[in-house]
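J.: Build me a model:
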Amino acid sequence: MSMAPWPLLSTITFLPLAGALFILIFVRGDNPASKVISSQIALWTSLITFAVSLGVFCYFDPANPGFQLVERVEWVPSFNILYQKGIDGISIWFVLISTLLTPICILSAMGGLSKRVKEFMIAMLVLETMMVGMFTALDFVLFYVFFEGVLIPMFLIIGVWGGEKRVYAAYKFFLYTFIGSVLMLVAIFWMVLHVGTTDMTAMMGGKFPKEAALLLWLAFFASFAVKTPMWPFHTWLPFAHVEAPTAGSVILAGVLLKMGGYGFIRISIQMLPEASQYFAPFVFVLSLIAIIYTSLVALAQTDMKKLIAYSSVAHMGFVTLGLFCFNEQGFDGAMIVMISHAFVSGALFLCVGVVYDRLHSRDIARYGGMAINMPKYALFFMFFTLASIGLPGLSGFVGEFLSMQGAYLVNSWLAFVAGIGVILGAAYMLWLYRRLFYGPLEKADVRAMPDLKPREYAMFVPLIVLILWLGLHPATFRDVFAPTVEKALADFHHELGGGHS
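T.: Take a look at the predicted model:
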């Protein structure tokens with residue numbers, strides 16, 4: 001581990017929280033001026049945080065597979081609890097995604113939000129602190145605090161600023177994720193007592209009795225499977241997405257779902273390798289069901305957000321499928337799918353938000369013929385649609401191809417079934433596009449909708465650049481996490497006493 005000369009990770013973790021406190025203390029009232037000021041402070045705070053995270057990325061050494069910029073302080077010495085943070089080639093991408101999507105979400109909210117703007121901006125900044133804190137935590141207590149801390153601002157974002165059934169959706173989201181995390185907390189207590197420290201790096205490599213490891217793995221699975229979400233633990237997601245405001249949906253899809261995948265990597269695979277191998281067939285079955293079943297469900301949807309939400313479950317099935325192949329192709333594919341999905345699904349939810357802000361409807365049948373009066377919007381939507389279905393040259397293709405390649409090396413039937421999911425993904429996304437943009441433009445209010453505004457261009461252009469970049473030159477992204485992945489897999493197979501790599 002390389003120690004940090006300056007607490008950069010703490011800076012990008014708590015800078016958004018400082019911005020939230022500034023808004024809370026100095027912005028008064030709920031008048032138009034205070035709404036503008038709150039939004040501007042939140043936007044600039046998130047942009048500065050993103051700029052600092054880019055500085056961290058520039059300082060990061062991709063050739064070093066270990067944890068870098070490590071900050072270590074004895075937090076509660078009597079219980080050997082540490083304040084320890086660090087990043088490696090895996091976690092740095094999730095930090096960058098969190099700091100990139102937050103200002104984009106704030107920008108989207110500045111056009112469609114009218115009530116309690118100050119409180120919404122505070123919730124978004126607190127949420128950013130929790131997300132970055134979780135991905136940089138190297139102490140189990142710190143990890144759990146941030147992992148669960150995400151629930152509070154997201155619960156409020158859905159429950160206060162969501163749709164008609166927002167309260168039901170918020171409670172369902174909270175209860176599903178919290179109940180799973182209670183089992184994770186029990187597992188953490190047992191591991192800490194067994195090892196004698198809360199240092200997560202000290203627990204990597206499988207230092208637990210086999211019988212206990214199996215139970216520990218299941219306890220963590222209960223939490224990560226809900227967050228990912230895997231079938232059949234996914235039922236909270238469509239409700240949360242449908243009722244959440246656009247910004248909430250983007251963060252849910254772009255970052256919160258990745259917390260499950262990150263947890264599988266950091267804890268299930270790196271700390272419990274034997275148990276991970278034992279339960280791999282179980283994960284394969286659930287992953288394939290998610291890919292096929294939720295794709296079929298997506299085909300039957302009449303709500304735009306619900307369709308994209310079910311597609312997220314299908315795409316995350318490629319992540320868990322690739323991870324538990326325990327080979328380099330599968331692992332690389334899972335990482336690229338997670339990075340790509342953050343950009344593509346975030347963009348698709350932003351696209352839904354564009355027309356929802358104009359017409360306040362997510363019903364697919366409510367639209368039609370929009371390519372006539374909104375050609376630029378139709379072009380952008382088509383780009384993100386093609387990225388979602390995995391068109392070669394765009395980001396969606398690379399990850400799914402590598403995941404299926406990794407699956408093929410384990411069992412050719414895994415790749416065959418997953419391939420059916422790719423076909424279904426093209427079916428439901430192109431069917432959605434057909435219903436929205438082609439056909440006669442008969443509805444007067446749809447015809448009256450204006451095309452994209454400058455603020456909306458500012459939301460989409462960075463995501464378009466990143467989707468093209470990842471699709472055309474994936475090595476730029478892979479070279480950063482590859483050494484860490486190679487070391488993780490080498491350690492995994494070493495602990496199992498050899499095997500394929």
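J.: Could you use CA atoms for every contact and neighbour count after this?
T.: Fine.
J.: what about Trp6, which SS state?
T.: At Trp6 the chain is in coil, as set by DSSP: H, G, I helix; E, B strand; the rest coil.
J.: Next one: it from Tyr59, what distance?
T.: 11 Å (C-alpha to C-alpha, to the nearest Å).
J.: Likewise for Phe401?
T.: 31 Å.
J.: Could you check which of the two has the larger neighbour count?
T.: Phe401 (22 against 11; other C-alpha atoms under 10 Å).
J.: What pLDDT does the model give the more buried one?
T.: Predicted confidence (pLDDT) for Phe401: 91.
J.: Grab the nearest non-local neighbour of it.
T.: Closest residue to Phe401 apart from its sequence neighbours, by C-alpha to C-alpha, 6 or more residues apart in numbering: Gly333 at 7.1 Å.
J.: Show me what the host helix or strand of the one you found is packed against.
T.: Per DSSP states H and E, Gly333 falls inside helix 328-359. Helix 328-359 sits against helix 91-112, helix 246-251, helix 304-323, helix 375-388, helix 395-410, helix 454-472, helix 475-495, with contacts defined as 3 or more C-alpha pairs under 8 Å, 6 or more residues apart in numbering; DSSP states H and E.
J.: quick one, which of the ones you listed is nearest to Pro209?
T.: helix 475-495 (12.8 Å; C-alpha to C-alpha).
J.: re the thing from before, angle of the helix holding Gly333 against helix 475-495?
T.: 130 degrees (axes from the mean of the first three to the mean of the last three C-alpha atoms, to 10 degrees).
J.: what's the following helix or strand after helix 328-359?
T.: Taking DSSP H and E, what comes next after helix 328-359 is helix 370-373.
J.: Check which residues of that next one are buried.
T.: Within helix 370-373, the residues scored as buried using 16 or more other C-alpha atoms under 10 Å are 370-371, 373.
J.: same check, this time on stretch 20-39
T.: 20, 23, 27, 34-35, 37-39.
J.: Stretch 483-494 now?
T.: 483-486, 488-493.
J.: Which residue ranges of the stretch 1-150 of the chain form strands?
T.: Remark: strands assigned in the stretch 1-150 of the chain by DSSP state E, counting those that start in this stretch are 68-76, 81-87.
J.: Give me the angle between the first one and helix 91-112.
T.: Right, the one you point to is strand 68-76. Using the same axes, to 10 degrees: strand 68-76 against helix 91-112 is 80 degrees.
J.: packing partners for strand 68-76?
T.: Against strand 68-76 (3+ C-alpha pairs under 8 Å, 6+ apart) you get helix 8-26, strand 81-87.
J.: which one of the buried residues of helix 370-373 sits closest to Met124?
T.: Met370 (31.6 Å).
J.: isn't the closest one right next to Val446, touching?
T.: Yes - counting by C-alpha atoms under 8 Å, Val446 is a contact partner of Met370 at 7.3 Å.
J.: So, low pLDDT: which residues of this structure?
T.: 1-5, 79, 205-206, 498-501 (pLDDT under 70).
J.: Quick check: end-to-end length of stretch 222-242?
T.: Start-to-end, stretch 222-242 (C-alpha to C-alpha) is 24 Å.
J.: Check stretch 353-369 too.
T.: Per C-alpha to C-alpha, stretch 353-369 runs 18 Å from first to last residue.
J.: that older thread, if we compare the helices and strands packed on helix 328-359, which one ends up closest to Ile339?
T.: helix 91-112 (7.5 Å).
J.: Can you list the buried residues in that closest one?
T.: Those would be 91-110, 112, for helix 91-112 by 16+ other C-alpha under 10 Å.
J.: returning to that earlier point: including distance to Ser340, could the helices and strands packed on strand 68-76 go into TSV?
T.: Putting the helices and strands packed on strand 68-76 into TSV (distance: least, C-alpha to C-alpha, whole Å) gives the following:
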stretch	distance to Ser340
helix 8-26	23
strand 81-87	20
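J.: Comparing these, which comes out most buried?
T.: strand 81-87 (a mean of 23; mean count of other C-alpha atoms under 10 Å).
J.: and the angle for that strand with strand 68-76?
T.: Using the same axes, to 10 degrees: strand 81-87 against strand 68-76 is 170 degrees.
J.: Check which helices and strands strand 81-87 is in contact with.
T.: helix 8-26, strand 68-76, helix 117-136, helix 140-149.
J.: Report the angle between that strand and helix 140-149.
T.: Using the same axes, to 10 degrees: strand 81-87 against helix 140-149 is 70 degrees.
J.: So what touches strand 81-87?
T.: 9-10, 67-76, 135-139, 141-142, 197-199 (C-alpha atoms under 8 Å, 6 or more residues apart in numbering).
J.: Quick check on those: which are buried?
T.: 9-10, 67-72, 135-139, 141-142, 197-199.
J.: quick one: the residue nearest to Leu237 when sequence neighbours are not counted and Ser395, what's the gap?
T.: Leaving aside its sequence neighbours, Leu237 sits nearest to Ala309 (C-alpha to C-alpha, 6+ apart; 6.7 Å). Ala309 sits 19 Å away from Ser395, going by C-alpha to C-alpha.
J.: Of those two, give the one with the bigger neighbour count.
T.: Set Ala309 next to Ser395 and count neighbours by other C-alpha under 10 Å: Ser395 wins out with 32 against 26.
J.: what's the neighbour count on the nearest residue to Gly353 once chain neighbours are set aside?
T.: Excluding its sequence neighbours, the residue lying closest to Gly353 (C-alpha to C-alpha, 6+ apart) is Thr246, at 5.4 Å. Residues near Thr246, counting by other C-alpha under 10 Å, number 30.
J.: Pretty sure Thr246 sits against Phe349.
T.: Yes - applying C-alpha under 8 Å, one finds Thr246 in contact with Phe349, separated by 6.4 Å.
J.: what does stretch 137-156 rub up against?
T.: Residues contacting stretch 137-156 (C-alpha under 8 Å, 6+ apart): 81-86, 123-124, 126-127, 130-131, 133-135, 170-171, 173-174, 177-178, 181, 185, 188, 198-201, 248.
J.: Please repeat the previous calculation with a cut-off of 6 Å.
T.: 84-85, 123, 127, 130, 133-134, 170, 198-200 (C-alpha atoms under 6 Å, 6 or more residues apart in numbering).
J.: Likewise for stretch 195-204?
T.: 80-81, 138-140, 192, 270-271.
J.: same thing but at 7 Å, please
T.: 80-82, 138-141, 192, 270-271 (C-alpha atoms under 7 Å, 6 or more residues apart in numbering).
J.: Tell me how far it lies from the chain's centre.
T.: 26 Å (C-alpha atoms, centre = their mean, to the nearest Å).
J.: can you pull the buried residues of that stretch?
T.: 197-201, 203-204.
J.: hang on, the earlier thing: kindly reformat the strands of the stretch 1-150 of the chain as a markdown table containing distance to Leu441.
T.: Converted to a markdown table, the strands of the stretch 1-150 of the chain look like this (distance: least, C-alpha to C-alpha, whole Å):
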| stretch | distance to Leu441 |
| --- | --- |
| strand 68-76 | 55 |
| strand 81-87 | 51 |
